[in-house]
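In: Fold the following.
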Amino acid sequence: MPSDIQFIDATAARSHGYVPSADFRFAQQQPAIPVHLSELSALVPTLPMALAKLPGGQFMLVAVAGFADGRNQLVDDNGRWGGLHVPNELRAYPFSVQPMAASAEGSQSFGVCFNHASGLYRDAPDFGRGELRFFNDEGQPQPQFQQVTQQLQRNVTLLRQTQNAVRLLQEAELLTPWQIQPRNGHPQETLPAGLFRVDEARLNALRGEALERLHAGHALGLAYAQLFSMSRIVVLQRLKDGHAARRKAAAPDPAIVQKLFEPGANAMGDTIKFNF
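Out: Residues are numbered from 1 along each chain as shown. Next up, the predicted model:
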């Protein structure tokens, strides 16, 4: 776990708090976002999904939000989110849930963490500035923080279900590297490295028990959702074009700027005078 991500201790952080994240600038360089099975129906019409290969060889279900340049096309220059659905992973920021040390019996527990790199942690929150405390004076979670922890607890369950479905796809050898053909004039429009898709031909060849196993583990629905979502690459392309057009419109015309510094450009003469 990165050093900036630290567990929230109910005793040490009793009087501490945070500033709720006001925008999505933190995700501007996140072109692949972890998502859960519960988000499939919201994602299929809006964003492509893929299976990202992790360093240990496992896979994770992600929403593809950008290309290989690393820019999240769903977040504009002002940090606004441009999609219809905000993934659970982003809504929880700067909070996350991380595994704690296993107990002597081998059971795994999880703890709520805060990303201190966000700059949103407060040792002495100022309520007048909209800053919030984690706990009240009795050490009980404040309502807003309680809502966050409850959602994170649900996310743990959803992540386990999702990872089980992804594991079934991997065991069935249905995953294959995914690349796209860039548009003419846009050679940089390739996918981030390490993304895989479902092999439709292999999926269609499955019969009987193999299909039943995928269906029972929610992997069959995931497979079709991933395949259906692939055409949503066009959403990223349109967003990218829109960002470029807005930046071009906002940038001054170099020719006009140059004329400002040419001799005779000043109608009052070449010497600029100030009257005080």
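In: Identify each buried residue in stretch 181-196, please.
Out: Neighbour counts using 16 or more other C-beta atoms under 10 Å place 189, 191, 192, 194, 195, 196 of stretch 181-196 among the buried residues. Glycine gets a C-beta too; all of them are placed from N, C-alpha and C.
In: Next, the distance between the ends of it.
Out: From its first residue to its last, stretch 181-196 covers 15 Å (C-alpha to C-alpha, to the nearest Å).
In: Can you give the distance of that stretch from its chain's centre?
Out: 19 Å (C-alpha atoms, centre = their mean, to the nearest Å).
In: Output the below-cut-off pLDDT ranges for this structure.
Out: Residue ranges of the chain with pLDDT under 70: 102-107, 251-276.
In: Find the centremost residue of it, please.
Out: Most central in the chain under C-alpha atoms, centre = their mean is residue 33, positioned 3.6 Å from the mean C-alpha point.
In: which strands and helices sit next to whichever strand or helix holds that one?
Out: Per DSSP states H and E, residue 33 falls inside strand 32-34. Packed against strand 32-34, as judged by 3 or more C-beta pairs under 8 Å, 6 or more residues apart in numbering; DSSP states H and E, are the following elements: strand 59-64, helix 88-91.
In: strands paired with that strand, and their directions?
Out: Applying DSSP bridges to the sheet, strand 32-34 is found paired with strand 59-64 (antiparallel).
In: Which residues does the strand it pairs with contact?
Out: Strand 59-64 is contacted from outside by 31-37, 39, 43, 47-54, 87, 162-163, 165-167, 169-170, 175, 191-192, 195-196, 222, 226, 233, 236, using C-beta atoms under 8 Å, 6 or more residues apart in numbering.
In: From these, which land in strands?
Out: Members of the contacts of strand 59-64 lying in strands (criterion: DSSP state E): 32, 33, 34, 49, 50, 51, 52, 53, 175, 195, 196.
In: Just the buried ones from these, in PyMOL syntax?
Out: In PyMOL, a selection of the buried entries from the ones in strands among the contacts of strand 59-64 looks like this (16+ other C-beta under 10 Å):
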select buried, resi 32+33+34+49+50+51+52+53+175+195+196
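In: For the helices and strands packed on strand 32-34, could you give me a markdown table that also reports mean neighbour count and distance to residue 185?
Out: What follows is the helices and strands packed on strand 32-34, written out as a markdown table (neighbours: other C-beta atoms under 10 Å; distance: least, C-beta to C-beta, whole Å):
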| stretch | mean neighbour count | distance to residue 185 |
| --- | --- | --- |
| strand 59-64 | 23 | 21 |
| helix 88-91 | 18 | 31 |
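In: Select, out of these, the one closest to residue 81.
Out: helix 88-91 (7.8 Å; C-beta to C-beta).
In: can you give me phi and psi for residue 72?
Out: The phi and psi values for residue 72, taken as degrees, to the nearest 10, are phi -80, psi 110.
In: measure it to residue 63 for me?
Out: Plainly put, residue 72 is 10 Å away from residue 63 if you go by C-beta to C-beta, to the nearest Å.
In: who touches both of those two?
Out: Taking C-beta under 8 Å, 6+ apart as the contact rule, residue 72 and residue 63 both touch residue 33.
In: what sits opposite residue 32 in the beta ladder?
Out: Here residue 32, judged by DSSP bridges, has bridge partners residue 64.
In: Do I have it right that it meets residue 50?
Out: Yes: assessed by C-beta atoms under 8 Å, residue 32 is found in contact with residue 50 at 7.2 Å.
In: Overlap in contacts, these two.
Out: Applying C-beta under 8 Å, 6+ apart, one finds that residue 32 and residue 50 are jointly contacted by 62, 64, 195.
In: which outside residues touch the strand holding residue 33?
Out: Under C-beta under 8 Å, 6+ apart, the answer for strand 32-34 is 27, 50, 52, 60-66, 72, 87, 89-90, 159, 192, 195.
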